[in-house]
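> coords please:
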Amino acid sequence: MQNQNSLFFKCFKARYFPRCQFLDAAVSPNCSYVWRSIVAAIPILRSGSCWRVGNGESIKVFVDKWIPNYPSNRLLHPVHEGEEDWRVSDLIDLDLHGWRRDAIMATFNREDAEVICKIPLSHRRVADVVVWLHNKEGAYTVKSRYHVARKVLREWAESSTGAGQQLWKKLWKIRVPNKMKRAPETVIHAIWECPAAQDVWAAGMEIFVVQAWTVWNQRNSMVHGRQMKHPCWLNKRAADYMEEYRIAQEQLVVLNTISSGHHWQPPPQNMYKLNFDAAVFMEQQCSGVGAIIRNAQGEVMAGMSAKGSYVRDSEEAQALACRQAVVFTFYHGSWIFRACS
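Presented below is the predicted three-dimensional model:
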């Protein structure tokens, strides 16, 4: 999804989803096992991802998730008929690099319109990208996917129709003692959410993951002709890994504590340092941005301050301040600089 120029992506797109986006793809007749496995994960990816607006050409206004920090990340209110095929690019003034505010306010519900107009747009014609909502960097991680998968699986397990109902019908038909088929609580609750189960996982999940990794490593070694290690050695190796990791983390905390000073450090000779910051003014419903460029002697080369649009939190304000500061540097010549918030 992120590297669409890779050979892997190009091959799979040409074969399995040539006329749609990856998140809209489905299983096709005679497709490979790899593709079936990938498609099986799409509902989780779709649930945890959202479009980041670039030029808006890939995003369907009334279908896709593209509004950050908004319930369901979609429009909440219906609009007039005949506009279902709109793309987000139809709402952007490409010459001014901003939203067509008058058209948006006239077309959409006021609540939706105001949220749309607050979405920051790039000053360059960059492509739209899909970002992961459950990570501050917008990057997919296995840990965050686990929490999304739990939510999706719980909703599926608690449903009484569709695929969930078919599964329970098949479950009751299998030939095992009835006591094994009784389920006074949902499977998800029994395995993950029950306090007793959570105590077990909290105590043993880490060592279980490390042991699973050592077993897999052992399997790979045997495939490549090495001898099998005794199970006791594998258990000891897993415990050693855990201890090494714990010590490394403690040392990392100490190093971070030592190097956490807030004194301004000058850049190397022949370089300039850009410092910027942002503030959110709740009462005035606006934000503020400040930036300063200094040389190796600490002399001020340029500075700026500006009033910005209202943002929801400090992280969004810092991101907008970073963009404004970088634009500011390019307007004042070709600098070789280091940026620090």
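> Just read off the phi/psi values of the most centrally placed residue in the chain.
By CA atoms, centre = their mean, the chain has its centre lying nearest to residue 132, at 2.0 Å. The phi/psi pair for residue 132 (degrees, to the nearest 10) reads phi -90, psi 120.
> now swap in residue 49 and tell me
Dihedral angles (degrees, to the nearest 10) for residue 49: phi -120, psi 170.
> before we move on, the earlier item: go ahead and confirm the residue nearest to the centre of the chain touches residue 144.
Yes. Using CB atoms under 8 Å, residue 132 is in contact with residue 144, at 6.7 Å. Just so you know, the C-beta spots here come from the backbone N, C-alpha and C atoms, and that holds for glycine as well.
> Spell out which residues are contacts of both of these two.
Both residue 132 and residue 144 are contacted by residue 48, under the criterion CB atoms under 8 Å, 6 or more residues apart in numbering.
> Which of the helices or strands spans the nearest residue to the residue nearest to the centre of the chain once chain neighbours are set aside?
Leaving aside its sequence neighbours, residue 132 sits nearest to residue 140 (CB to CB, 6 or more residues apart in numbering; 4.4 Å). Using DSSP states H and E, residue 140 falls within no helix or strand.
> follow-up on the earlier one: against residue 274, how distant is the residue nearest to the centre of the chain?
As judged by CB to CB, to the nearest Å, residue 132 and residue 274 stand 28 Å apart.
> Next, residue 63: phi, psi?
phi -120, psi -50.
> So what's the residue count around it?
Neighbour count of residue 63, defined by other CB atoms under 10 Å: 13.
> Surely residue 36 touches residue 27?
Yes. Judged on CB under 8 Å, residue 36 makes contact with residue 27 at a distance of 5.8 Å.
> contacting residues for the closest residue to residue 210 other than its chain neighbours?
For residue 210, ignoring the flanking residues on the chain, the nearest one in space by CB to CB, 6+ apart is residue 238 at 4.4 Å. Neighbouring residues of residue 238 by CB under 8 Å, 6+ apart: 207, 210-211, 213-214.
> Adding pLDDT and distance to residue 310, write those residues out as a markdown table.
Converted to a markdown table, those look like this (pLDDT from 0 to 100; distance: CB to CB, whole Å):
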| residue | pLDDT | distance to residue 310 |
| --- | --- | --- |
| 207 | 73 | 48 |
| 210 | 74 | 47 |
| 211 | 76 | 51 |
| 213 | 76 | 47 |
| 214 | 79 | 52 |
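> Just the ones in helices from those, please.
207, 210-211, 213-214 (DSSP state H).
> What is the nearest of those to residue 263?
residue 210 (40.3 Å; CB to CB).
> Need the distance between the two termini of stretch 87-98.
For stretch 87-98, the first-to-last residue distance is 15 Å (CA to CA, to the nearest Å).
> how about the helix or strand residue 325 falls within: buried residues?
Using DSSP H and E, residue 325 sits in helix 314-331. With burial defined by 16 or more other CB atoms under 10 Å, the residues of helix 314-331 counted as buried are 316-318, 320-322, 324-326, 328-329.
> And for that helix, what's in contact with it?
With CB under 8 Å, 6+ apart as the test, helix 314-331 has contacts from 69, 120, 123, 136, 274, 276-280, 287, 289-291, 293, 302, 304, 306, 308-309, 311, 335, 337, 339, 341.
> hmm, which of those residues are the buried ones?
Going by neighbour count (16+ other CB under 10 Å), the contacts of helix 314-331 have 274, 276-278, 280, 287, 289-291, 293, 302, 304, 308, 311, 337 buried.
> hey, where'd the helices end up in the stretch 101-250 of the chain?
Along the stretch 101-250 of the chain, counting by DSSP state H, counting those that start in this stretch, helices occupy 101-107, 110-117, 142-158, 162-173, 187-188, 195-223, 231-258.
> Now do the first one: distance to the chain's middle.
In other words, helix 101-107. The chain centroid and the centroid of helix 101-107 are separated by 30 Å, computed with CA atoms, centre = their mean, to the nearest Å.
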